[in-house]
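Trainee: Okay, here's the prediction I keep looking at, along with the sequence it came from:
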Amino acid sequence: MWRRIHAQISYGVLAMPEAAPRSADLPDDPTTLKSLVREQAFEIERLKEELRLARHKQFGASSEKADAAQIQLFNEAEVLGAAAPAGEGDEVAVPAHKRARGKRKPLDDRLPRQRIEHDIADADKLCPCGSGQTRPRIGEIVTEQADIVPAKAVVLQHVRFKYGPCRQCDGVFPSVEGRQANADTADADANAASEARAIMVAPLPAQPIPKSLAAPGLCAWIAMAKYGDGLPLYRQETILARYGLTISRATLASWMIRLGELIVPLINLLEEVQLGYDVLQMDETTIQVLKEDGRAAQSDSRMWVRRGGPPDKPVILFDYDPSRSGKVAWRLTQDFKGYLQSDGFSGYEAVGKREGVVHVGCLAHARRKFDEALKAQPVGSRGGLALEGLMLIQKIYRIEKAAREAKLSPEQRNQLRDSQARPIWDELRRWLDAKRGHVPPQMLTGKAMTYLDNQWPQLARSLDDGRLEVDNNRCENALRPFVLGRKAWLFSDTPAGAEASARLYGLVETAKANGCEPYAYLRRVFTDLPKATTLAEIEALLAWNVAPPATQSVAA
């Protein structure tokens, strides 16, 4: 073991600690010496805390979910003397509602059925009474199982018939050479003769990628595999080869860029709907783009996500930008007025101060910091202030969970928050004011309390409107498929590819949010959008305007 540690130090993996100060370097003044010792002891404790958190992130559970019963193991009276007695406040009263008993979900009625009949032997059909008569059939019992037919590649042959002139064309349109006629008559006869003798060919239907071998179904399959299932194009290249299709990943990447350009009209309409509603959530994450002018291949760019729109028309849009600057947040929301919910990133501050915009915070980020502070506590610790803050926040989340399970309307949820959540928010504020000075701000608990205090005006605004969430988790969840896919495909080659990916991710996630099966929806879009010539035809392809049976792949 020591050999491994020595090797890590030699190669720079582990940094050698600074040499301890020599006795000659120590101050002679006892007061100064005590101050130095206290500073070093504090720094050691801070580093230990960070080390415990790092170990937990590497080896412990990553979930932030906290079992109320498990938290109570640390809930000694001396830790939470002001807390409610055990069991008190654990129940949340919500308007009466019925909860269905859990049972296995039946198979979708739209799935095609294949009937397989099982009959008893002919000998068993004879009635045992000795009459020689057979038993009458009185019914049947149907047991359903789910099966799947593997995908297969097919070749669509578009056969266009050609039509030439009839045999009488020479008689109807004789040659105009040598005829004594004025110029207008000669030109008219010549044009009519040319039109009659022209070859007529049936037009080829408009395609999502003209002059390519990609049919709408193949385009939808590849796009869904990458942007819905996280399969990078190099893996799809191998999968398609198993089906007998030899298509290079460079060609697949080019197709995705072309499809991203195709759906621009749909994305523009989705953005109008999204920014026209007065509740919007935003978040961002990193993306690496290799071939970007003026930037190293290792530079981190940003993929921004916006989630908004009316409740019956949810819209999720992604936008690529090299920068994380607040100017990007400003640009993406320049036509928006209403509640903007985000985390505590400073890039949103300028937008939140703009006239007509109300900035709402994310309680999940505050909870996460208290959760990390609790996980960084030494073994055997009772939790201290980190536990106290976390338990108060968890009470708010229990009320939110009850409202969500009861499927309350925004008005009902606002009433529930006023009656039950607002007193807890007030208690949390009093606790924060009383305890904030009890822990150094450099420690994790101190950082959590500072974040909660700085974000308090934005966090408490969730009490103003029942449509608002207490956190930005729904937007973060919309970003999750991108994050999971990024672990597989790692980077985008060019900005054009990143922009196309942003549009296609938005289309897939919006389809899912509106209850559409993504593959069937993409197939419908790639089939009909190239033929659309009017605004009404494009609007008909918005996810909420597509009838569910037409978007479900099971109907095929």
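Mentor: Looks like it arrived, so ask away.

Trainee: Name the residues of the host helix or strand of Glu537 that come out as buried.
Mentor: Assigned by DSSP states H and E, Glu537 belongs to helix 535-539. For helix 535-539, the neighbour count (16 or more other CB atoms under 10 Å) marks Ile538 as buried. In this view, the C-beta of every residue, glycine as well, is placed from N, C-alpha and C.

Trainee: got it, and stretch 296-310?
Mentor: Within stretch 296-310, judged by 16+ other CB under 10 Å, the buried ones are 301-309.

Trainee: What residues does the residue nearest the centre of the chain make contact with?
Mentor: What sits nearest the mean C-alpha location of the chain, by CA atoms, centre = their mean, is Ala478, with 2.1 Å. By CB atoms under 8 Å, 6 or more residues apart in numbering, Ala478 lies in contact with 305, 307, 316, 509, 513.

Trainee: Grab the nearest non-local neighbour of it.
Mentor: Ile316 (4.7 Å; CB to CB, 6 or more residues apart in numbering).

Trainee: for the one you found, helix, strand, or coil?
Mentor: strand (DSSP: H, G, I helix; E, B strand; the rest coil).

Trainee: circling back to that earlier point, work out for me the element the residue nearest to the centre of the chain sits within.
Mentor: Per DSSP H and E, the secondary structure element for Ala478 is helix 473-489.

Trainee: re earlier: can you give me the pLDDT of the residue nearest to the centre of the chain?
Mentor: With respect to pLDDT, Ala478 scores 91.

Trainee: close enough to count as contact, Gly506 and Tyr320?
Mentor: No - the pair Gly506 / Tyr320 is not scored as a contact, 10.8 Å apart, by CB atoms under 8 Å.

Trainee: what residue ranges in the chain score low on pLDDT?
Mentor: For the chain, the stretches flagged by pLDDT under 70 are 1-24, 42, 49, 52-53, 56-102, 169-197, 379-383, 547-556.

Trainee: neighbours around Gly497, how many?
Mentor: Other residues within reach of Gly497, judged by other CB atoms under 10 Å, total 21.

Trainee: ok, it - contacts?
Mentor: Gly497 neighbours (CB under 8 Å, 6+ apart): 253, 256-257, 289.

Trainee: swap the cut-off to 10 Å and go again
Mentor: Counting by CB atoms under 10 Å, 6 or more residues apart in numbering, Gly497 makes contact with 233, 253-254, 256-257, 260, 289-291, 320, 491.

Trainee: can you check Ala151 too?
Mentor: Neighbouring residues of Ala151 by CB under 10 Å, 6+ apart: 221, 239-240, 242-243.

Trainee: if I look at it, how far off is Leu240?
Mentor: According to CB to CB, to the nearest Å, Ala151 stands 10 Å off from Leu240.

Trainee: Helices of the stretch 351-500 of the chain, residue ranges please.
Mentor: Secondary structure of the stretch 351-500 of the chain (DSSP state H, counting those that start in this stretch): helices at 363-375, 384-405, 410-416, 422-435, 444-454, 456-459, 473-489, 495-513.

Trainee: okay if I get those helices as TSV plus distance to Asn545?
Mentor: Shown next, in TSV, are the helices of the stretch 351-500 of the chain (distance: least, CB to CB, whole Å):
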stretch	distance to Asn545
helix 363-375	33
helix 384-405	28
helix 410-416	24
helix 422-435	40
helix 444-454	42
helix 456-459	35
helix 473-489	21
helix 495-513	12
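
Trainee: Out of these, flag the one nearest Arg104.
Mentor: Closest approach to Arg104 among the helices of the stretch 351-500 of the chain is made by helix 384-405 (20.5 Å; CB to CB).

Trainee: before we move on, the earlier item: ok, which of the helices of the stretch 351-500 of the chain comes nearest Ser346?
Mentor: Across the helices of the stretch 351-500 of the chain, Ser346 has its closest neighbour in helix 444-454 (10.5 Å, CB to CB).

Trainee: so how far is the helix of greatest length in the chain off the chain centroid?
Mentor: Using DSSP state H to define each element, the chain has its longest helix at helix 30-59. Relative to the centre of its chain, helix 30-59 is centred 39 Å away, using CA atoms, centre = their mean, to the nearest Å.

Trainee: could you say what helices and strands it packs with?
Mentor: Under the contact criterion of 3 or more CB pairs under 10 Å, 6 or more residues apart in numbering; DSSP states H and E, helix 30-59 touches helix 363-375, helix 444-454.

Trainee: Report the angle between that helix and helix 363-375.
Mentor: 110 degrees (axes from the mean of the first three to the mean of the last three CA atoms, to 10 degrees).

Trainee: Domain-wise, how is this structure divided?
Mentor: 164-201, 216-269+480-555, 280-288+301-476 (automatic domain parsing).

Trainee: Tabulate the CA atom coordinates of stretch 134-141 in PDB.
Mentor: The C-alpha trace of stretch 134-141 is given here as PDB (Å, rounded to 0.1, in the frame of the first residue of the first chain):
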ATOM      1  CA  THR A 134     -68.500 -34.600 -26.800                       C
ATOM      2  CA  ARG A 135     -68.300 -31.900 -24.300                       C
ATOM      3  CA  PRO A 136     -69.700 -28.600 -25.600                       C
ATOM      4  CA  ARG A 137     -67.400 -25.600 -25.700                       C
ATOM      5  CA  ILE A 138     -68.700 -23.000 -23.200                       C
ATOM      6  CA  GLY A 139     -66.000 -20.300 -23.400                       C
ATOM      7  CA  GLU A 140     -62.400 -19.500 -23.400                       C
ATOM      8  CA  ILE A 141     -59.700 -18.100 -21.100                       C
END
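
Trainee: outside of that stretch, which residues touch it?
Mentor: 117-120, 122, 124-128.

Trainee: Which one's more surrounded, Gly506 and Tyr320?
Mentor: Under the criterion of other CB under 10 Å, the comparison of Gly506 against Tyr320 puts Gly506 first, with 26 against 22.

Trainee: Quick check, the more buried one in contact with Leu270.
Mentor: Yes - judged on CB atoms under 10 Å, Gly506 makes contact with Leu270 at a distance of 7.1 Å.

Trainee: which residues are in contact with both of these two?
Mentor: In contact with both Gly506 and Leu270: 263, 315-317, using CB under 10 Å, 6+ apart.

Trainee: I'd like the distance between the residue nearest to the centre of the chain and Gly308.
Mentor: Ala478 is 11 Å from Gly308, by CB to CB.
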